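Peer 1: Provide a 3D model corresponding to the input given below.
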Amino acid sequence: MKTNDPWKKLSDATRRRSRTTEPPTEMPWGFDKAVLARLRDRRASPAELWLRMAWRMVPAGAVVFLVCWIAVRPSPAIGVTPDSNELAELLIQEVLPQ
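Peer 2: As a prediction, the model looks like this:
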C-alpha cells in the first residue's frame, strides 16, 4: 500500500475535519441574491407581467401589420374614383359621428 496516495490523504483529511452541528453564521456567497430574485419573480405585479408580455409581442405584431399591409394595400391600377371617395366619407361619418 502506498503511503503517498493522494486519495488516501484526501479521505483522511475529510475524516479528521471537525463536524459542527451549528448552522453556518453566513449564507453562501450569492445565495441570498438568488433567493430574492426568485421571490421577486413570483411576486411580480400584474402590470409588470402585462408589460413584459406586451414587449414580447411587439415583433409578432409588427409581422402581422406588415403582412396585412402588403395583402390589403390598393393596387395602383385601380385608382381613386368618385365612388370610393363617397364610400370613404360615409365610413368616416359612421365611425366619427358629429
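Peer 1: for the rest of this, base every contact and every neighbour count on C-alpha atoms.
Peer 2: OK.
Peer 1: how much space between residue 57 and residue 34?
Peer 2: Distance from residue 57 to residue 34, counting by C-alpha to C-alpha, to the nearest Å: 28 Å.
Peer 1: right, I mislabeled it, should have said residue 93
Peer 2: 58 Å.
Peer 1: okay, now the unreliable bits of this protein?
Peer 2: Scanning the chain for pLDDT under 70 picks out the ranges 1-2, 17-24, 40-44, 74-84, 98.
Peer 1: any idea where the helices of it begin and end?
Peer 2: Counting by DSSP state H, one finds helices in the chain at the ranges 6-16, 31-42, 46-72, 82-95.
Peer 1: now the ones you listed in a markdown table, with mean neighbour count and distance to residue 25?
Peer 2: A markdown table is the format used below for the helices of the chain (neighbours: other C-alpha atoms under 10 Å; distance: least, C-alpha to C-alpha, whole Å):
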| stretch | mean neighbour count | distance to residue 25 |
| --- | --- | --- |
| helix 6-16 | 11 | 21 |
| helix 31-42 | 10 | 13 |
| helix 46-72 | 11 | 36 |
| helix 82-95 | 11 | 69 |
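Peer 1: pull the number of nearby residues for residue 97.
Peer 2: Using other C-alpha atoms under 10 Å, residue 97 has 6 neighbouring residues.
Peer 1: apologies, that question was intended for residue 3.
Peer 2: 7.
Peer 1: and it, how far from residue 16?
Peer 2: Using C-alpha to C-alpha, residue 3 is found at 17 Å from residue 16.
Peer 1: how about residue 45?
Peer 2: 51 Å.
Peer 1: same check, this time on residue 29
Peer 2: 25 Å.
Peer 1: kindly report the same for residue 33.
Peer 2: Residue 33 is 33 Å from residue 16, by C-alpha to C-alpha.
Peer 1: swap in residue 97?
Peer 2: Residue 97 is 89 Å from residue 16, by C-alpha to C-alpha.
Peer 1: again with residue 38
Peer 2: 38 Å.
Peer 1: same question for residue 66.
Peer 2: From residue 66 to residue 16 the distance is 71 Å (C-alpha to C-alpha).
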